[in-house]
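In: Structure of the sequence below:
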Amino acid sequence: MSGHPTTGTPNLYEDGDAHNYSREAIHDQQRHNLRNVEGAEDQQRAMNEMLSENTQAQIEERYKTDPVYRATIHGNKPSWGAKQDADIQAEEAEMLRKKQEKADSMASKKLEHKSAREH
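Out: Purely as a prediction, here's the structure:
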């Protein structure tokens, strides 16, 4: 046996050992997941379940937003179409960022102009 656990997801373990969670960490996770596990017999197991659910939700969200993620997570080379989609997505994000910077800049100039007229 390799000494590493064979169940659960990798983020549930630290250096191959099961992770014990503090009360504060459990409380924070309860607020995030909107679940109460205070009276649960095995709070550590409940915490692992909540973290696993969070990880799964993050993976599903990434599947939706990152065209090349599904292929790379399975060890495959992304298709040409997925790469093109990722490039288009990056270009659109850059255009939106520049547009937002320009809008923010114009708004600050308007405020400066307005305050200068008042004084």
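In: Just the buried residues of whichever strand or helix holds residue 54, please?
Out: Assigned by DSSP states H and E, residue 54 falls within helix 43-65. Of the residues in helix 43-65, 43, 46, 47, 48, 49, 50, 51 count as buried by neighbour count, 16 or more other CB atoms under 10 Å. For glycine as for every other residue, the C-beta is placed from the backbone atoms N, C-alpha and C.
In: Pick out the most distant pair among these.
Out: Using CB to CB, the buried residues of helix 43-65 span at most 12.4 Å, a distance reached by 43 and 51.
In: SS state for residue 21?
Out: coil (DSSP: H, G, I helix; E, B strand; the rest coil).
In: Setting the sequence-adjacent residues aside, check what's closest to it.
Out: residue 47 (4.8 Å; CB to CB, 6 or more residues apart in numbering).
In: distance between stretch 71-82 and the chain's centre?
Out: 20 Å (CA atoms, centre = their mean, to the nearest Å).
In: Stretch 89-108 too?
Out: 23 Å.
In: how about residue 104, phi and psi?
Out: phi -60, psi -40 (degrees, to the nearest 10).
In: How many neighbouring residues does it have?
Out: Number of residues near residue 104 (other CB atoms under 10 Å) recorded here: 10.
In: Quick one, grab the pLDDT at it.
Out: Note on residue 104: pLDDT of 87.
In: Could you pull up the residues touching it?
Out: Residues near residue 104 by CB atoms under 8 Å, 6 or more residues apart in numbering: none.
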